[in-house]
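J.: after the sequence you'll find the predicted model.
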Amino acid sequence: MPTSSKPATILVIEDYAPIRSLIEAVLQAEGYEVLCAEDGKIGCTLAKQHHPDVITLDIAMPELDGMGVLRCLKADDATKGIPVVIVSAFSEQLGQDEARKAAAVLPKPFTISDLTSTLATILPGNCPASMPPYPGNFAAPGY
């Protein structure tokens, strides 16, 4: 459970439903408030409406890809300060300039422990102190 009285809100922008659902379930179980978007366009809208504490962002998505989302968020005064964690199988293809716009880059496949520890560095005081380890890597078929 997050240590502050109000749990951190995390927006998960991920087009692949099994990954999105698993991230959502794990983060909710840890006590976070979680918003989800299945594409970049919806993700930008939710970020502007809800001002989450952090955003996890896939790169390869329909409608508006992750880099388009990142540009959209960083160009808007209301959302430019929201930390973004890029979570993508294509993280190795990011240029240095693109990667610098993100608070962190988490390559797929990743473990749940990788995800929660990355969030802990971004949301100190708002993160679970520890989480039981999940066995193996988290990756959906095709990743």
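T.: Arrived safely. Numbering: from 1, shown residues only.

J.: from what I see, residue 89 and residue 110 are in contact.
T.: No: taking contacts as Cβ atoms under 8 Å, residue 89 lies outside contact range of residue 110: 9.8 Å. Yep, even glycine has a C-beta here, placed from its N, CA and C like the rest.

J.: for residue 79, give its distance to residue 53.
T.: Distance from residue 79 to residue 53, counting by Cβ to Cβ, to the nearest Å: 12 Å.

J.: got it, and residue 34?
T.: Applying Cβ to Cβ, the value for residue 34 to residue 53 is 11 Å.

J.: also residue 121?
T.: With Cβ to Cβ as the criterion, residue 121 and residue 53 are 13 Å apart.

J.: just residue 37 next, same as before
T.: Distance from residue 37 to residue 53, by Cβ to Cβ: 16 Å.

J.: again with residue 59
T.: 21 Å.

J.: what sits against the residue nearest in space to the middle of the chain?
T.: Centroid check for the chain by Cα atoms, centre = their mean gives residue 56 as the closest residue, at 1.1 Å. Shown in contact with residue 56 (Cβ atoms under 8 Å, 6 or more residues apart in numbering): 10, 11, 12, 13, 14, 23, 84, 85, 87, 106, 115.

J.: beta partners of it?
T.: Beta-bridge partners recorded for residue 56 (DSSP bridges): residue 12, residue 85.

J.: what's the burial count for residue 16?
T.: For residue 16, the neighbour count with other Cβ atoms under 10 Å is 18.

J.: sorry, wrong one. I was asking about residue 62.
T.: Residues near residue 62, counting by other Cβ under 10 Å, number 10.

J.: pLDDT score for it?
T.: Model confidence at residue 62, given as pLDDT, is 85.

J.: pretty sure it sits against residue 16.
T.: No: assessed by Cβ under 8 Å, residue 62 is found out of contact with residue 16, at 10.8 Å.

J.: kindly list the longest helix within the protein.
T.: For the chain, the longest helix by residue count, based on DSSP state H, is helix 17-29.

J.: name the residues of it that are buried.
T.: Using 16 or more other Cβ atoms under 10 Å as the test for burial, helix 17-29 gives 19, 20, 22, 23, 24, 26, 27.

J.: which residue comes closest to the last one once chain neighbours are left out?
T.: Distances taken as Cβ to Cβ, 6 or more residues apart in numbering put residue 34 closest to residue 27, at 4.8 Å, once the chain neighbours are dropped.
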